[in-house]
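Enquirer: quick one: sequence plus predicted model below, questions after.
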Amino acid sequence: MPATRTTPARRTYVEAAPYVNGYGRFEAELTFSASDKRRALEHRSAAVELTALYGVEWRTPWTLTPGWTVYREQSEGTQFGRLDDRRMIVSGPERAVARYLAALPRVLAGLEAAATRAARAFGRWRRSLIAVLSGHLEYEDPSTLRVRAREFRTAVLGHLVTYLRTPPAPATSDPARPLWEQAAAVAAEVWAERPVDPWEAPGDEVAAVLASAARPAALAVVEPVTTAPAVEDDEDQAPAVHQLADDEHQGHDEEPAAAAVEVPARSVEIAGTAGSGTPRRPRRALLPGSARRQLARRPHRYGSIRGHDQGRRPCGRLQPPQRTGPAAPPARVRTTARTRKAQQT
């Protein structure tokens, strides 16, 4: 039975989160998840170059420094935030951003594949007899060759990114020069071998991006609350409540007696006598909330019981007692001879 060959899964170089912001504009936050920051910046430069082809805008988001305090900024010079180079936000028309997000993973995968082919070509040249006989490797050791290879791959990828908008001219490498000085020629060779199409965006992937976008929920319609009938009943009972309060104050000034005051929909016992004949304190009516507030704001017409005590005003405010001194002696009238003569006549 022949072995079935499975297609290798595409490596994820970027993670996209599309959404619609509060202003109705379609946006997407891109996160470049490469473990090496240098490689993440290379992918970011390719994503920025691709925005000009699809007519979308981009910006770099701001990230806060973990554990930042004013003391650390003044003593250590720690800034409260910086621009996050591993993230990028693209915005624009909904269809254009969706096509951009569908094409970006394919473009990054194609550029990475072309850069890998260029790096393998550099390894073959380093092990070739021509490089040894030419004397280009006489002053190079393994550590410097690793640095040369890393810088060569970065330079080739930078040239490949520019080829997305402008295809390169045909070029060939020169055997008389070291290969790390011919990054542009090697990039043109690998591009001619297998170019990268920046416009490859399948329709099903575009539809999937539009369907996965987070959109704000629809606004709820708030209907006006109708007035409850209980509130209208309280307003209708307000005059009867005032009459009940007046009768209650009048009952304090008179002898306690058993009486009943009728309130609409309520029956309240005003006064009564216990079994021993001792008068009982009248009970207050259970009034609705609106009526109690009206009674609290309304001044007492007849004062209160304690207002009749000595040393208090009817409103209940305490007054200092007035001290009475001894009676003044009667006034003495001075009589003269002329006064006595007038009295005799």
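Expert: Arrived safely.
Enquirer: give me the element the closest residue to Ala213 other than its chain neighbours is part of.
Expert: With C-beta to C-beta, 6 or more residues apart in numbering as the measure, Pro18 is the residue that lies nearest to Ala213, at 4.0 Å, once sequence neighbours are left out. For every residue, glycine as well, the C-beta is placed using N, CA and C. Secondary structure from DSSP states H and E places Pro18 in strand 14-20.
Enquirer: go on, Trp68?
Expert: With elements delineated by DSSP H and E, Trp68 resides in a region that no helix or strand encompasses.
Enquirer: what's the neighbour count on the closest residue to it other than its chain neighbours?
Expert: In space, not counting the residues next to it along the chain, Trp68 is nearest to Phe80; the distance is 4.7 Å by C-beta to C-beta, 6+ apart. Other residues near Phe80 number 12, with proximity taken as other C-beta atoms under 10 Å.
Enquirer: so what's Thr31 bridging to?
Expert: Using DSSP bridges, the beta-bridge partners of Thr31 come out as Glu15, Arg87.
Enquirer: hang on, it packs against Asp85?
Expert: No. With contact taken as C-beta atoms under 8 Å, Thr31 and Asp85 are classed as non-touching, separated by 11.1 Å.
Enquirer: could you pull up phi and psi at the residue nearest to Trp68?
Expert: Comment: the main-chain dihedrals of Phe80 come out as phi -80, psi -10, following degrees, to the nearest 10.
Enquirer: quick one: contacts for it?
Expert: Under the criterion of C-beta atoms under 8 Å, 6 or more residues apart in numbering, the contact partners of Phe80 comprise Leu64, Thr65, Trp68, Glu73.
Enquirer: read off the pLDDT value for it.
Expert: With respect to pLDDT, Phe80 scores 79.
Enquirer: again, but for Val48
Expert: The predicted local confidence for Val48 comes out at a pLDDT of 95.
Enquirer: now the one helix or strand it maps to and strand 14-20, what's the angle there?
Expert: With elements taken from DSSP H and E, the one containing Val48 is helix 37-54. Taking axes from the mean of the first three to the mean of the last three C-alpha atoms, to 10 degrees, one finds helix 37-54 and strand 14-20 inclined to each other by 50 degrees.
Enquirer: can you give me the helices for the protein?
Expert: If DSSP state H is used as the criterion, the helices of the chain fall at 37-54, 70-76, 94-126, 129-134, 142-162, 183-193, 203-212, 229-236, 238-253, 289-297, 337-344.
Enquirer: could those go into a markdown table alongside distance to Glu223 and mean neighbour count?
Expert: As requested, the helices of the chain are arranged in a markdown table below (distance: least, C-beta to C-beta, whole Å; neighbours: other C-beta atoms under 10 Å):
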| stretch | distance to Glu223 | mean neighbour count |
| --- | --- | --- |
| helix 37-54 | 44 | 18 |
| helix 70-76 | 48 | 10 |
| helix 94-126 | 32 | 19 |
| helix 129-134 | 82 | 12 |
| helix 142-162 | 56 | 17 |
| helix 183-193 | 64 | 20 |
| helix 203-212 | 33 | 14 |
| helix 229-236 | 18 | 11 |
| helix 238-253 | 29 | 15 |
| helix 289-297 | 25 | 13 |
| helix 337-344 | 99 | 8 |
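Enquirer: wait, which of these is closest to Thr172?
Expert: Proximity to Thr172, assessed across these by C-beta to C-beta, is greatest for helix 183-193 (6.3 Å).
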